[in-house]
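>>> need a 3D model of the sequence below.
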Amino acid sequence: MVRAIHVPNPFAIGEARTFGGVEVQAVAAYNLAKAFHAREKGWVGYLIEVDRRRLYHAGDTDNIPEMEGLRPDVAMLPIGEMFTMGRAMAAEAVAAIEPKLVVPMHFSMLIGGRRAGERFVASLGDRSLLLPRA
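Residues are numbered from 1 along each chain as shown. All right, here's what the predicted structure looks like:
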């Protein structure tokens with residue numbers, strides 16, 4: 001069952017809150033060499049834990065050192081390339097965080113189209129899932 005959770009205030013990097021048994025921690029999300037999501041802005045992704053399962057929503061980011069060792073059950077990684085990491089950098093992020101399942105996101109609008117997601121998933125095999133279009 002999906003529950004909507006209202007978050008009254010933005011999270012700071014490293015901050016964790018619990019909402020009805022769901023623990024949410026803000027983690028860093030930024031670009032290494034692009035101006036879109038500068039580290040200084042304090043943008044975040046989220047590490048969410050519910051029923052002993054960990055979901056990592058990376059947000060708009062590149063493969064950054066703070067990701068190493070997260071080891072989520074599911075990692076939602078952006079592969080859009082223009083504003084976030086691309087497929088090659090996302091594959092490096094997969095090696096760094098060791099998720100059980102990877103779901104690509106933030107692609108198909110500008111660079112590579114839906115094929116970008118298909119190619120990324122194909123490169124990871126059964127460790128990945130391409131969600132259907134809405």
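
>>> so where is this protein shaky, pLDDT-wise?
Applying pLDDT under 70 to the chain flags residues 1-9, 108-112, 134.

>>> can you give me the helices for it?
87-97, 113-124 (DSSP state H).

>>> save those as JSON lines, and put in mean neighbour count and distance to residue 38 too.
For glycine as for every other residue, the C-beta is placed from the backbone atoms N, C-alpha and C. Output for those, formatted as JSON lines (neighbours: other Cβ atoms under 10 Å; distance: least, Cβ to Cβ, whole Å):
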{"stretch": "helix 87-97", "mean neighbour count": "18", "distance to residue 38": "17"}
{"stretch": "helix 113-124", "mean neighbour count": "16", "distance to residue 38": "24"}
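
>>> got those as TSV, with distance to residue 106 columns?
As requested, the helices of the chain are exported to TSV (distance: least, Cβ to Cβ, whole Å):
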stretch	distance to residue 106
helix 87-97	10
helix 113-124	10
